[in-house]
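Colleague: how would this look folded up:
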Amino acid sequence: MKNKLLITTLLFVVFAFRGKSQELSIDADIRPRLEYLNGFGSLLPDGVDAGLFVQQRSRLKFGY
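Modeller: Model prediction:
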């Protein structure tokens, strides 16, 4: 009798808290962006080189 009560109580606890588990998720976004600046809207003076550079946006996301 005592074992049946223990097993029933254990099963109740397992099923009662089964859907309440927590999750941790980790995600990352890395977005490189290339820019070429050649004087849009106005001409570059003679002897000036156009600009070329790469920017990077990084994002680290945590979800709980």
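
Colleague: any chance you could list what contacts the helix or strand hosting Arg59?
Modeller: According to DSSP states H and E, Arg59 maps onto strand 51-63. Outside strand 51-63, the residues within contact range by CB atoms under 8 Å, 6 or more residues apart in numbering are 23-38. C-beta coordinates here come from the backbone N, C-alpha and C atoms, glycine included.

Colleague: give me the buried entries from those residues.
Modeller: Buried members of those, counted by 16 or more other CB atoms under 10 Å: none.

Colleague: what's the closest of those to Leu44?
Modeller: Asn38 (6.8 Å; CB to CB).

Colleague: could you find the closest non-adjacent residue to that closest one?
Modeller: Ala50 (4.2 Å; CB to CB, 6 or more residues apart in numbering).

Colleague: for Gly41, helix, strand, or coil?
Modeller: The local conformation at Gly41, judged by DSSP: H, G, I helix; E, B strand; the rest coil, is coil.

Colleague: quick one: residues contacting it.
Modeller: Gly41 touches nothing, counting by CB under 8 Å, 6+ apart.

Colleague: what strand or helix carries Phe12?
Modeller: According to DSSP H and E, Phe12 maps onto helix 2-16.

Colleague: for that helix, give the mean pLDDT please.
Modeller: For helix 2-16, mean pLDDT is 77.

Colleague: cool, and stretch 28-44?
Modeller: The model assigns stretch 28-44 a mean pLDDT of 85.

Colleague: partner strands of the strand holding Arg59, with direction?
Modeller: Strand 51-63 pairs in its sheet with strand 25-37 (antiparallel), by DSSP bridges.

Colleague: hmm, who's touching the strand it pairs with?
Modeller: 50-64.

Colleague: just give me how far it sits from the chain centre.
Modeller: 12 Å (CA atoms, centre = their mean, to the nearest Å).

Colleague: let's see stretch 41-55 as PDB, backbone CA atoms only.
Modeller: Coordinates of each C-alpha in stretch 41-55 appear next as PDB, following Å, rounded to 0.1, in the frame of the first residue of the first chain:
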ATOM      1  CA  GLY A  41      26.300  63.200 -55.400                       C
ATOM      2  CA  SER A  42      29.500  65.100 -55.900                       C
ATOM      3  CA  LEU A  43      32.600  64.300 -58.000                       C
ATOM      4  CA  LEU A  44      35.800  63.400 -56.200                       C
ATOM      5  CA  PRO A  45      38.700  65.800 -56.800                       C
ATOM      6  CA  ASP A  46      41.600  64.600 -58.900                       C
ATOM      7  CA  GLY A  47      44.200  62.500 -57.100                       C
ATOM      8  CA  VAL A  48      41.700  61.300 -54.400                       C
ATOM      9  CA  ASP A  49      41.100  57.500 -54.300                       C
ATOM     10  CA  ALA A  50      37.700  56.100 -53.700                       C
ATOM     11  CA  GLY A  51      37.000  54.600 -50.300                       C
ATOM     12  CA  LEU A  52      36.500  50.900 -49.900                       C
ATOM     13  CA  PHE A  53      35.800  49.300 -46.500                       C
ATOM     14  CA  VAL A  54      34.000  46.600 -44.700                       C
ATOM     15  CA  GLN A  55      31.800  47.000 -41.600                       C
END
